[in-house]
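what's the 3D shape of this:
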Amino acid sequence: MINKFVASVAEALADTRDGSTVMIGGFGTAGIPDELIDGLLAQGARDLTLVNNNAGNMEAGLAALLKAGRVRKVVCSFPRQADSYVFDNLYRTGQVELELVPQGNLAERIRAAGAGIGGFFTPTAYGTDLAKKPDGTLKETREIDGRMYVYETPIHADLALIRAERGDRWGNLVYRKAARNFGPVMATAARKTVATVYEQVPLGGLDPETIITPGIFVQAIVQIPRVATTAGGSKS
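Reported below is the predicted structural model:
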């Protein structure tokens, strides 16, 4: 019987290896798989490459991984925010690498990996420093219909950590509103996807028309409690 629910975050992440590329869902604070990030911190894998929308906030979540010295490189669109001081300090002192990717390119590079596409041409970043490879050499360019385009490569991952709203034991997932963001494309681009859900539903309990991530892309699910918040935003 297929049952992708596991008893704990620790069990779901136990086989994560040093040097892994890890995609982590979330946009701002929406859809961040906090429990899985904490679990990765506890698991102990090092020399990680993180692929995310940003580079962490304050000293929790991604920032905690960075502060603990677990991260070698960050691939993201928004590395600098008012409270991203952990990443900022590490980057300025040469302790972590950065690959800055425009957000549309980031989403499409992840999608390309999941779709089995070898790469794509985009006008975004042509003529800027972002049209260079991490080693400083120029990416391939091509003129198409009178406009210049830059060749971008897919981003593959060893592990994707995502948050969904509900799931069944086959791994089918649905999301809640903005929490959907990068989760669906990241699930397709990783060798292993681990998801958290608030609600486990029986097979047939999800309307097939609402399933965003089919179970074929998910290897493990952990059910987590829903934490209530007060009107002021604090947890209760």
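
need the next SSE after the longest helix along the chain, C-terminal direction.
With secondary structure taken from DSSP state H, the chain has its longest helix at helix 103-115. Toward the C-terminus, helix 103-115 is succeeded by strand 120-122 as the next helix or strand (DSSP states H and E).

and that next one, what does it pack onto?
Counting contacts by 3 or more CB pairs under 8 Å, 6 or more residues apart in numbering; DSSP states H and E, the secondary-structure elements packed against strand 120-122 are helix 103-115, strand 147-152. C-beta here means a position set from N, CA and C on the backbone, and glycine is covered the same way.

need the winner for burial among the ones you listed.
Each of the helices and strands packed on strand 120-122 was assessed for mean neighbour count using mean count of other CB atoms under 10 Å. The highest is helix 103-115, with a mean of 19.

any idea of the angle it forms with strand 147-152?
Regarding helix 103-115 and strand 147-152, their directions subtend 50 degrees when assessed with axes from the mean of the first three to the mean of the last three CA atoms, to 10 degrees.

hang on, residue 83 is in a strand, isn't it?
No - the assignment for residue 83 (DSSP: H, G, I helix; E, B strand; the rest coil) gives coil, which keeps it out of a strand.

mind listing what it touches?
Residue 83 sits next to 57-58 when contact means CB atoms under 8 Å, 6 or more residues apart in numbering.

repeat that for residue 206.
For residue 206, the set of contacting residues under the criterion of CB under 8 Å, 6+ apart consists of 166-168, 172, 174.

next, the residues that contact stretch 162-169 from outside, please.
With CB under 8 Å, 6+ apart as the test, stretch 162-169 has contacts from 1-5, 24-26, 31-34, 36, 173-176, 179, 182-183, 186-187, 193-206, 213, 215, 218, 221.

which members of those residues are classed as buried?
Neighbour counting over the contacts of stretch 162-169 (16 or more other CB atoms under 10 Å) leaves 4, 24-26, 31-34, 36, 173-175, 179, 182-183, 186-187, 193-197, 206, 213, 215, 218, 221 as the buried ones.

show me those that map onto strands.
Members of these lying in strands (criterion: DSSP state E): 24, 173-174, 193-197, 221.

what distance do you get for residue 34 to residue 143?
Distance, residue 34 to residue 143, by CB to CB, to the nearest Å: 45 Å.

again with residue 156
Following CB to CB, the distance that separates residue 156 from residue 143 is 29 Å.
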